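> the sequence and its predicted three-dimensional model are supplied below.
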Amino acid sequence: MKLAFIGTGKIVNDALYAIEPIENIEKQALFARPHSKEKGLEMIRKYGIKNLYTDYDALLSGGRPEGTLSDIEPSGKAEKADPKDSTVSCEGPSDIDTVYIGIVNSLHYSYAKKALMAGKNVILEKPFTGTYAQAKELFDLAHEKDLMIFEAVTILHNPVFTEMQKNIDKLGTVRMALCNYSQYSSRYDNYLAGNIEHSFDKEFFGGALYDINVYNLHYMAGLFGEPSGAVYYPNIGPNGIDTSGTCILQYGGFSAVCTGAKDSDSECFISIQGEKGSMKISGKPNIASSLTTTYIDPDRHDLVRDAAGAMVRPVRTETYKAPECHHRMTQEFRDFADIIDDHDTERARVFEEETLRVMKILDGNKVW
């Protein structure tokens, strides 16, 4: 995969670090807005990216970059090159087949559409788009052009999630799912003071549902499919954005309760219980490192009474710990590179269907 990175924020820096051990990803280019050019130059030096662009259309069309690795002095500072000087060093147009878009949520759709129109595969940060219609349009366009587009959701590529899929039948008939991802946002104090940043701005598709509760929704949609109904109960802040809230998904025989908060802290977990057992992830859902599954021991039939007077069935407990990894985003990029290089449309369609299920829930419950 010959990859270009769109953006210069934290998530793009995380992605650049995450892909370091992946041999079949070539870092071809970085796009930075003109006012972030110096930051972009530092990033291409730090991560060994071939070219820097401040014009998105030029990046997509293979035009002349604004800077290259050969423009960077050993000190890490860019040379002051005269654009009229035909001798200025240039490594040439970037050979790009895929773009990773890690910019503000409200620009996901337009940047992804432009990349697809230019013949590039797309990896698009969560939340995928602002609406279900936008998401469906992007997937349809990708099919039309024989390209691929993915939502970058780490949990779907985490071996802990794979283990959940393997173990779900041990629980018997599922009767309840409880999810909580709550963390006090580093931007919440500014928000309360009236300084509205993107993650708390309706115009930029901010809010707790799209930013943080989306992880819980992906667990549920990935394990149980599309719900028959979904209702969101938000806590609304001064500008009309949801600073926290609970989304209840209806499935046949049970409900999934998904809580996400940017205005308060709590123990974070994913818990699923059935008639024959339960499973639990303890900790923030987007960085799950282990899974505990407890289920009825089929080889024992004795019952004991606990201190509360309830009959307790004998159980087995299994704990799965994920292998150590370079970064929580490494496996998803490894998967994307393999799928794109192999043009594995069957695997790509699985992720597409998951994204569309979640986008339908988000779009039906957005507060803006």
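Cool, the structure landed. Being a predicted model, the structure only gives us computed values, none of them experimental.
> mind listing what's buried in stretch 129-140?
Across stretch 129-140, burial judged by 16 or more other Cβ atoms under 10 Å covers 129-132, 134-139. For every residue, glycine as well, the C-beta is placed using N, CA and C.
> from those, which two are the most distant?
Within the buried residues of stretch 129-140, G130 and F139 form the most distant pair, 15.0 Å apart (Cβ to Cβ).
> re earlier: may I see the buried residues of stretch 129-140 organised as a markdown table, with pLDDT added?
Formatted as a markdown table, the buried residues of stretch 129-140 follow (pLDDT from 0 to 100):
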| residue | pLDDT |
| --- | --- |
| T129 | 98 |
| G130 | 96 |
| T131 | 97 |
| Y132 | 98 |
| Q134 | 98 |
| A135 | 98 |
| K136 | 98 |
| E137 | 98 |
| L138 | 98 |
| F139 | 98 |
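> for those, which one is nearest H327?
Distances from H327 to the buried residues of stretch 129-140, taken by Cβ to Cβ, are shortest for T129, at 25.2 Å.
> so where does that closest one fall, helix or strand?
When elements are assigned from DSSP states H and E, T129 belongs to no helix and no strand.
> got the phi and psi for it?
phi -140, psi -180 (degrees, to the nearest 10).
> cool, and I296?
The phi/psi pair for I296 (degrees, to the nearest 10) is phi -60, psi 130.
> show me what contacts the residue lying closest to it once chain neighbours are set aside?
If the residues on either side of it in the chain are set aside, I296 comes closest to K276, at 4.7 Å by Cβ to Cβ, 6 or more residues apart in numbering. Taking Cβ atoms under 8 Å, 6 or more residues apart in numbering, we find K276 in contact with 170-173, 295-296.
> same thing but 7 Å
170-172, 295-296 (Cβ atoms under 7 Å, 6 or more residues apart in numbering).
> A4 and E125: what is the separation?
According to Cβ to Cβ, to the nearest Å, A4 stands 14 Å off from E125.
> the two: which is more packed in?
A4 (27 against 21; other Cβ atoms under 10 Å).
> over to that one. Which of the three states is it?
Following DSSP: H, G, I helix; E, B strand; the rest coil, A4 is assigned to strand.
> these two touch, right, it and V99?
Yes. With contact defined as Cβ atoms under 7 Å, A4 and V99 form a contacting pair (4.7 Å).
> can you list the weak-confidence ranges in this protein?
Within the chain, the stretches with pLDDT under 70 are 71-94.
> can you tell me the SS state at the closest residue to Y47 other than its chain neighbours?
Take Y47 and drop its neighbours on the chain: the residue closest to it by Cβ to Cβ, 6+ apart is L16, 4.5 Å away. Under three-state DSSP, the three-state class of L16 is helix.
> same check, this time on T355
T355 ends up helix, using three-state DSSP.
> could you pull up the residues touching it?
T355 touches 128, 135, 151, counting by Cβ under 7 Å, 6+ apart.
> cutoff 6 Å now
Shown in contact with T355 (Cβ atoms under 6 Å, 6 or more residues apart in numbering): 128, 151.
> and the gap between it and A142?
In terms of Cβ to Cβ, T355 sits 12 Å off from A142.
> over to G40?
From G40 to A142 the distance is 27 Å (Cβ to Cβ).
> more neighbours: which of those two?
Neighbour comparison, G40 and A142: the larger count goes to G40, with 25 against 21 (by other Cβ under 10 Å).
> which phi and psi does the residue nearest the centre of the chain have?
Nearest to the mean C-alpha position of the chain, counting by Cα atoms, centre = their mean, stands V153 at 2.8 Å. As for V153, its main-chain torsions (degrees, to the nearest 10) stand at phi -120, psi 110.
> how many residues are close by T68?
Neighbours of T68 (other Cβ under 10 Å): 23.
> is it in contact with N51, as I believe?
Yes. Assessed by Cβ atoms under 6 Å, T68 is found in contact with N51 at 5.3 Å.
> may I see the buried residues of stretch 172-191?
For stretch 172-191, by 16+ other Cβ under 10 Å, it's 174, 177-183, 185, 187-188, 191.
> can you flag which of the buried residues of stretch 129-140 belong to helices?
132, 134-139 (DSSP state H).
> which residues of the stretch 51-200 of the chain fall in helices?
For the stretch 51-200 of the chain, the helices defined by DSSP state H, counting those that start in this stretch cover 56-61, 108-117, 132-144, 159-167, 188-192.
> I168: what's it in contact with?
I168 neighbours (Cβ under 6 Å, 6+ apart): none.
> check K39 too.
Contacts of K39 (Cβ under 6 Å, 6+ apart): T8.
> again with L30
With Cβ under 6 Å, 6+ apart, L30 has these contacts: 5, 40, 43-44, 49, 52.
> helix/strand/coil for it?
Per three-state DSSP, L30 ends up strand.
> next one: the one 10 residues further on
The three-state label given to G40 by three-state DSSP is helix.
> one more: P298?
With three-state DSSP as the criterion, P298 reads coil.
> could you check how far it is from E275?
14 Å.
> contacting residues for the closest residue to L141 other than its chain neighbours?
Closest residue to L141 apart from its sequence neighbours, by Cβ to Cβ, 6+ apart: L116 at 5.0 Å. Contact analysis of L116 by Cβ under 6 Å, 6+ apart lists 141-142, 147.
> I'm done for today, thanks for sticking with me.
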